[in-house]
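Asker: just coords:
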């Protein structure tokens, strides 16, 4: 099995400046595919689970999958894998654009960055040539300017990955940006990059395609089938191109699952003001697409005369209904600020929403706000506090820049943080959609929807319609979605292809590209293995069984308004069912489960 892998990894020690070329462990690639799976196994084996995430001992792995850059649909994805400073657990953040494909075209399966540079540095990669450069002149530079500056220096065909000021300041909500507006956004990966004095990685490649596909003709057939499936599906073939992920605003709001005012309500009466339809009507310049993507869900919008990448569904919700704001132009502006400053456009506004509830209830005092009170719906507060969180000067800004869990803990009200494992939950109320609550609670990287997108069957009816209000079979569905997602993330495809594509279509693509002969069942077992190695990393990092939880509000406070009024999450019922389906006891795999999955090295740990 060598097809679609270049069997080469660069290890860059920023402390010493040493650059080593290592062989990709193809035995592990066979067991974990690549991307998220192989990256997590590599990080586990590097032994960093117990280190301080912001210390030189932590490591950053930028890793592609075998399908990254392949002549197949939506293959622009790469992963950043590290120990998260936000959660203290595994961080595995996914991004699109073209940077990951360029890294693969340059001949690298992954880059491991370790140590800490003596001063600000950036890395350039041009095929086999890797160099370290002085980056002191770029400190403080916004993400888009950094992108343009380095492409001017290294060539317009280069692709740039970088951190903004938030990453430089080691803000725990800092993202890693690439290609101007694509983000490895969650879990504070930008803070880890900043802790290493690493400002950017520029990649150029002579190749423009993968030239090592195992069976080119078989891949052409599999790609043709996948493209037909994507184009004929109403979500991937029409809705996402027309309205982006923001098409979900009205859909989710109209079933009463749109968290509002920091989850105090679940229906936002002004929801249509911030919907994908309104965004398309008022601000959309054109759809945007990542590398080799036929879906084109990205939004390119006009923000006060500047054409920039626009908001996804989650920032529209988080800066919108969750903060009591229906000013779409301000949401666009705040999303632009998150991209420019290099911050997570889910966790930042969710933390602002938590601060607004603390202010509403009198726990945060007006005198702490430095002239910008944290009032619901205040557009001034949304813009100003986003800026302050990237470069925190006051005590309140420093607390907010560390996320809602630490903020609310400081004020003695941890129940106001709508987070799991200290990472803020996204835009679907788990009281109204029972299955998504299981995936929130059990996500290895904290509050997250893209580790098992139960919205697909429970709301969108894909691949079949499930009743969102009941718990029947939801644990098994959640496990299956988590396992398939782990496979997709590890291959290097975009998760949105799964709205239309089946497990068989992914299997056909991977087998053609790599020369394997996996069955669907075998591939899902690899996904199960990946989910379990992530969990074992978390166990080594100090995770406790009680970390698999939802905020008390979702368990004890029924939805107060809208179509889902009166509902609560039934996690106490579904979590034991989920553990049984996984072969776990008290949140962790049994030795029998580890042995069955070929993770013998984890037994007894």
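Answerer: Okay, I see it. These figures come from a predicted structure and were not determined experimentally. Residues are numbered from 1 along each chain as shown.
Asker: Name the residues that touch stretch 589-605?
Answerer: Defining contact as C-beta atoms under 8 Å, 6 or more residues apart in numbering, one finds that stretch 589-605 is touched by 31, 525, 528-529, 532-533, 535-536, 539-540, 582-584. C-beta: built from backbone N, CA, C; applies to glycine.
Asker: buried sites along that stretch?
Answerer: By 16 or more other C-beta atoms under 10 Å, the buried positions in stretch 589-605 come out as 589, 593-594, 597, 599, 602.
Asker: same check, this time on stretch 473-490
Answerer: Buried-residue list, stretch 473-490, by 16+ other C-beta under 10 Å: 474-475, 477-490.
Asker: same check, this time on stretch 577-585
Answerer: 577-579, 581-584.
Asker: Then stretch 17-24?
Answerer: By neighbour count on 16+ other C-beta under 10 Å, the buried set for stretch 17-24 is residue 24.
Asker: follow-up on the earlier one: ok, the buried residues of stretch 577-585 vs residue 415, which is closest?
Answerer: Among the buried residues of stretch 577-585, residue 578 lies closest to residue 415 (C-beta to C-beta), at 23.4 Å.
Asker: and the closest one, what does it touch?
Answerer: Counting by C-beta under 8 Å, 6+ apart, residue 578 touches 438, 442, 475, 478-479.
Asker: same check, this time on residue 571
Answerer: Shown in contact with residue 571 (C-beta under 8 Å, 6+ apart): 430, 437-438, 441, 549-550, 554-555.
Asker: coming back round to it: which two among the buried residues of stretch 473-490 are spaced furthest apart?
Answerer: Largest pairwise distance in these, by C-beta to C-beta, is 24.3 Å, between 474 and 490.
Asker: count of neighbours near residue 375?
Answerer: Close neighbours of residue 375, defined as other C-beta atoms under 10 Å, add up to 15.
Asker: no wait, residue 504
Answerer: When counting by other C-beta under 10 Å, one arrives at 13 neighbours for residue 504.
Asker: out of everything not next to it in sequence, what's closest to it?
Answerer: In space, and not counting its chain neighbours, residue 504 is closest to residue 520: 5.6 Å by C-beta to C-beta, 6 or more residues apart in numbering.
Asker: The residue lying closest to residue 304 once chain neighbours are set aside and residue 496: what is the separation?
Answerer: Residue nearest to residue 304 in three dimensions, not counting chain neighbours: residue 333, with 6.9 Å by C-beta to C-beta, 6+ apart. Distance, residue 333 to residue 496, by C-beta to C-beta, to the nearest Å: 26 Å.
Asker: Check residue 390 too.
Answerer: From residue 390 to residue 496 the distance is 28 Å (C-beta to C-beta).
Asker: Neighbour count: those two, which is higher?
Answerer: When residue 390 and residue 496 are compared for neighbours, residue 390 comes out ahead with 26 against 22, by other C-beta under 10 Å.
Asker: I figured the more buried one was touching residue 171, is that so?
Answerer: Yes: counting by C-beta atoms under 8 Å, residue 171 is a contact partner of residue 390 at 6.2 Å.
Asker: Can you check which residues contact both of the two?
Answerer: Common neighbours of residue 390 and residue 171 (criterion: C-beta under 8 Å, 6+ apart): 343, 401.
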